[in-house]
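**Q** Fold the following, please.
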Amino acid sequence: MQGTVDGFEFGAVTPAASYIVACVASALGLRCVVRSLNNRQSWKPGWLALGAGAIGCGIWTMHFVAMVGFRIQGIPIDYDGRLTSLSLVVAIAVVGIGVFAVGYRGATPVTLTAAGILTGLAVVATHYTGMAALELNGSLEYDSLTVSASVLLALTAATAALWTAASYRGFPAAFGASLLMGVALTGTHYTGMAALGVHLRGATDASYMTGAYGTSSPASILLPMLIGPVVFLILAGVVVMFDPQLVLGDGEWSRATPRRRRAAAAVPEPPAQPPRTGSLFDPRDQHAGRHANPRGR
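**A** Numbering: from 1, shown residues only. Just a heads-up that it's a prediction; the model follows:
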């Protein structure tokens with residue numbers, strides 16, 4: 001018997017929430033990647049790892065926020081903890097490969113395209129691994145043509161987002177890139193869900209005819225799992241928001257950096273300066289140099 005799938009139990013709430021999560025996480029992650037490219041004095045591995053974690057957690061969180069509104073008529077559903085955790089690891093690891101390639105090989109057409117493809121594949125892998133984690137009295141079936149469309153959408157939108165973020169500066173480019181990445185994430189999810197069919201097994205006829213959707217609430221299952229990634233995204237947001245380059249603006253920071261380098265070359269031991277707010281990922285020797293010189297006190 002074919003089950004009736006409902007992915008919109010809460011109407012437009014879960015699609016809207018999942019898209020917002022996707023855009024915010026993508027904005028944080030892309031900002032970290034661009035930060036590592038624009039300022040060579042930053043601790044590159046830290047910013048790239050933070051960016052990969054933000055995008056990967058965003059992919060995973062978006063998927064399971066959307067799944068809060070998912071029901072199958074006549075049967076309860078649950079999730080396998082190991083596969084659910086694996087889908088998060090896959091998202092961060094695959095995105096990380098692409099992000100570190102861009103960070104260390106530069107924003108060339110080849111690396112941006114490869115990173116975009118890897119990010120798109122991370123979206124696809126996270127979605128279908130997360131769907132494989134479903135535990136239900138039935139089997140999942142997919143329409144191959146619609147699945148192909150979801151993969152193509154993920155690859156195209158993710159690549160376009162990375163190109164936009166790395167090639168253009170300023171708020172409009174960053175905003176547009178985050179919107180494109182949000183389309184890649186949520187578009188892939190709901191296109192993949194459109195390809196889904198469920199073949200029910202066992203004695204589910206009675207509950208199916210009554211229209212029951214089972215006793216388990218997806219929200220009660222999924223919301224506790226979302227706490228960790230959401231907390232990580234909040235902490236990543238704090239780090240990015242207090243980054244001096246974001247506060248000063250890319251232009252001001254870029255103009256200030258050459259002046260600091262020329263001053264450092266002309267004066268081996270510059271006079272002590274008042275403490276200024278630094279980034280968590282700035283090299284430690286930069287912070288130490290601000291307070292080490294006792295002259296003039």
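
**Q** What count of nearby residues applies to the residue lying closest to G69 once chain neighbours are set aside?
**A** Excluding its sequence neighbours, the residue lying closest to G69 (Cβ to Cβ, 6 or more residues apart in numbering) is T14, at 3.7 Å. In this view, the C-beta of every residue, glycine as well, is placed from N, C-alpha and C. Look at T14: counted by other Cβ atoms under 10 Å, it has 20 neighbours.

**Q** T14 against V65, yeah?
**A** Yes: using Cβ atoms under 8 Å, T14 makes contact with V65 at a distance of 6.4 Å.

**Q** pretty sure the residue nearest to G69 is in a strand, no?
**A** No: assessed with DSSP: H, G, I helix; E, B strand; the rest coil, T14 is helix; it does not lie in a strand.

**Q** nearest spatial neighbour of the most centrally placed residue in the chain, skipping sequence neighbours?
**A** Geometric centre of the chain, nearest residue: I55, 1.9 Å, by Cα atoms, centre = their mean. Closest residue to I55 apart from its sequence neighbours, by Cβ to Cβ, 6+ apart: G29 at 3.5 Å.

**Q** So the one you found versus A115, what's the distance?
**A** 12 Å (Cβ to Cβ, to the nearest Å).

**Q** Could you say which helix or strand holds G182?
**A** Secondary structure from DSSP states H and E places G182 in helix 171-194.

**Q** Please identify the buried residues of that helix?
**A** Neighbour-count burial for helix 171-194, with 16 or more other Cβ atoms under 10 Å as criterion, is recorded at 173-174, 177-193.

**Q** Return the backbone torsion pair for the residue nearest to the centre of the chain.
**A** Main-chain dihedrals, I55, degrees, to the nearest 10: phi -70, psi -40.

**Q** contacting residues around it?
**A** 25-26, 28-30, 91, 95, 99, 119, 122, 181 (Cβ atoms under 8 Å, 6 or more residues apart in numbering).

**Q** do that again at 7 Å, thanks
**A** 25-26, 29, 95, 119 (Cβ atoms under 7 Å, 6 or more residues apart in numbering).
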